[in-house]
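[1] Quick one, structure for this:
(chains A and B)
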Amino acid sequence: MKVFDTQSQTLKEFSPLDDNKVKMYVCGPTVYDYPHLGHARCYITWDVVYRYLKFRGYDVTYVRNITDIDDKIINKALQTGFSTKEIADKYYFEFEKAMNELNTAKPDIEPKATENIEEMIDIIKTLCEKGFAYPADGDVYFNVANFKKYGRLSKQNLEDLKSGARVEASEKKQNPFDFALWKAVKDETEPGWNSPWGKGRPGWHIECSAMSKKFLGETIDIHAGGQDLIFPHHENEKAQSEAAFGKDFVKYWMHNGFVKINEEKMSKSLGNYITIGDVLKKYDANTIRFFILTNHYRMPVEFGDQALESAKNGIKRLKNAYEDIKTITSEEKIKEAENIISFLFDEVAKTEHIPFHGIDSLEEAQGLEKKIPPEIANSLILSLKNFINAMDDDFNTPKALSVLFEIAGRAQKIKQSDSAEFGLFYIAMLLKLSNVLGFDLTKEEKASDELASQLMDVIINLRQISREQKNWEMSDRIRDELVKIGITLKDHKDKKTTWSLSD
RNA sequence: GGCGACAUGGCCAAGUGGUAAGGCAGGAGUCUGCAAAACUCUUACCCCCAGUUCGAAUCUGGGUGUCGCCUCCA
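    Below is the predicted model:
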């Protein structure tokens, strides 16, 4: 399995520091406003990485922090009259809600900056003792000139940085690129914590160094975030942690590309962002995830209605495969099929190998052949193999998605043959793999309540009677009227009729 | 100014040096009472120029264009 490491700018063979344990840290949001599509991309990307690593049998500890104290939060508090805590709590709630709705897995640990101030102070103390930091008038700054490896991650050196410098000079700093580890409170109204340097609050970067160390250790496997964090955030984190602990901070630095809108980066400062909540009003979680995963995670992705519509129709196709097979069999049968093929997944997790060559020797596999015709079993294994090859190649989700379409196509095709019932196994594979990518194809987008569901049954039954009487005028009219309110009917061969919401 | 990324059919997009996956949209057909869904068929010499090579979308050099980071940002 290969992952692209930002620091070396190359694909590296993935091998965790400690056996099969993976320590993964993702920079979380600063909670001062509603999360937007850029956040969605970032956290869906790392959600998929997390899910895939687990699928591959790694024992992953996923930490994603919450920045709940920061200048922007303070400003928002001043503007609105709420306390910084109230602001942070409100938008943390909004963030969690959005993440849930997008079906992203909860990180194993989600630490908040304000709950780890002591740990940050400890690191700052160490940095001062080691000569990498200096106090200045209640602030504490990191001395970049003293850290020889500064700039290695972002491929910058201090001289070049200076030529394009946009940082404001400060008399307190010895070098314009020195950055704050600790900031003194301006006055008593600002939130602050006591420290050896007086009352103040942490600088932005130190929280990640502290929480990463506390929850994962001094050296971790994966540190991820948006590309805009490479400089200065990650460069600075790296400097702090490596200066303080004297060892490498991160084995694999990984960064996701941006969401663009009108050929421009979507960002708060440009004001061209669309909130996750707004997108969810029009498109569901599967659609948004599909939209994001059709591009490789390091490439930019252009947001637009056309792209979302295309994603909506794409995911619908996968979903139709599930629903069409479900109508000729049953949900239970599909579940059973999932259980039957699950040993393949266990095998991948256990051995980290695709059970392609070894399949004949597996006990379960022999059972499998009794239940599934060999050509179907082979096809399933081949798909699994293709999926793994795609994802092993730096999480090539566009390619992985093409495997899902292939499986869905096979299921649909076999549905029209004599051995239609074996479509179950394709669907089982489809569901399992789509799950690794965080899709939920079984999610009912049907009746929002029991009453609506019962009403639909009544309508379909009445229409069925008119169809049996060959009253096409009436049955077509019922169907047309339903389309107008966003409900699509499908008549199946066995006289069964199913319905779904079109949006 | 420094650093970096990208340029593939109408749109999106994958692509390991050997004559271009997949999705969306469009067209034709099959199925269906008609639809819907599905299935079948259907459209590319890969920004330009030069070079390396028996052979390049894929490597090298040079253009052109777009985007990003260097201030907060996922």
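[2] Residue A:490 should be in a strand, yeah?
    Yes - under DSSP: H, G, I helix; E, B strand; the rest coil, residue A:490 falls within a strand.
[3] what's near enough to touch it?
    Listed by Cβ atoms under 8 Å, 6 or more residues apart in numbering, the contact set of residue A:490 reads A:497, A:498, A:499, A:500. In short, each C-beta sits where N, CA and C put it, glycine included.
[4] how close does it get to RNA strand B?
    4 Å (Cβ to the nearest atom of the strand, to the nearest Å).
[5] what bridges to that residue?
    residue A:498 (DSSP bridges).
[6] the helices in the stretch 51-200 of chain A, which residues?
    A:71-80, A:84-101, A:117-129, A:158-163 (DSSP state H, counting those that start in this stretch).
[7] Worst mean pLDDT among these?
    Comparing mean pLDDT over the helices of the stretch 51-200 of chain A, the weakest stretch is helix A:158-163, at a mean of 82.
[8] measure the closest residue to residue A:122 other than its chain neighbours to RNA strand B for me?
    Closest residue in space to residue A:122, ignoring its immediate chain neighbours: residue A:210 at 7.7 Å, by Cβ to Cβ, 6 or more residues apart in numbering. Distance of residue A:210 to RNA strand B, computed by Cβ to the nearest atom of the strand: 16 Å.
[9] Name the helix or strand for residue A:210, please.
    helix A:206-215 (DSSP states H and E).
[10] picking up where we left off before, which of the contacts of residue A:490 are buried?
    Buried members of those, scored by 16 or more other Cβ atoms under 10 Å, are A:497, A:498, A:499, A:500.
[11] before we move on, what SS does residue A:441 have?
    coil.
[12] surely it meets residue A:433?
    No - taking Cβ atoms under 8 Å as the definition, residue A:441 is not a contact partner of residue A:433, at 10.3 Å.
[13] Okay, buried residues for stretch A:158-175 please.
    A:161, A:172, A:173.
[14] who's in contact with the last one?
    The one in question is residue A:173. A:136, A:141.
[15] ok, so what distance separates the nearest residue to residue A:162 once chain neighbours are set aside from RNA strand B?
    Using Cβ to Cβ, 6+ apart and skipping the chain neighbours, the partner closest in space to residue A:162 is residue A:176 (7.1 Å). Taking Cβ to the nearest atom of the strand as the measure, residue A:176 falls 8 Å from RNA strand B.
[16] re the thing from before, name the residues of the helix holding residue A:210 that come out as buried.
    A:206, A:207, A:208, A:209, A:210, A:211, A:212, A:213, A:214, A:215.
[17] If I take it and helix A:117-129, what angle do their directions form?
    Orientation of helix A:206-215 against helix A:117-129 (axes from the mean of the first three to the mean of the last three Cα atoms, to 10 degrees) gives an angle of 110 degrees.
[18] just checking, what packs against helix A:206-215?
    If contacts are counted by 3 or more Cβ pairs under 8 Å, 6 or more residues apart in numbering; DSSP states H and E, helix A:206-215 sits against strand A:21-26, strand A:59-64, helix A:117-129, helix A:235-245.
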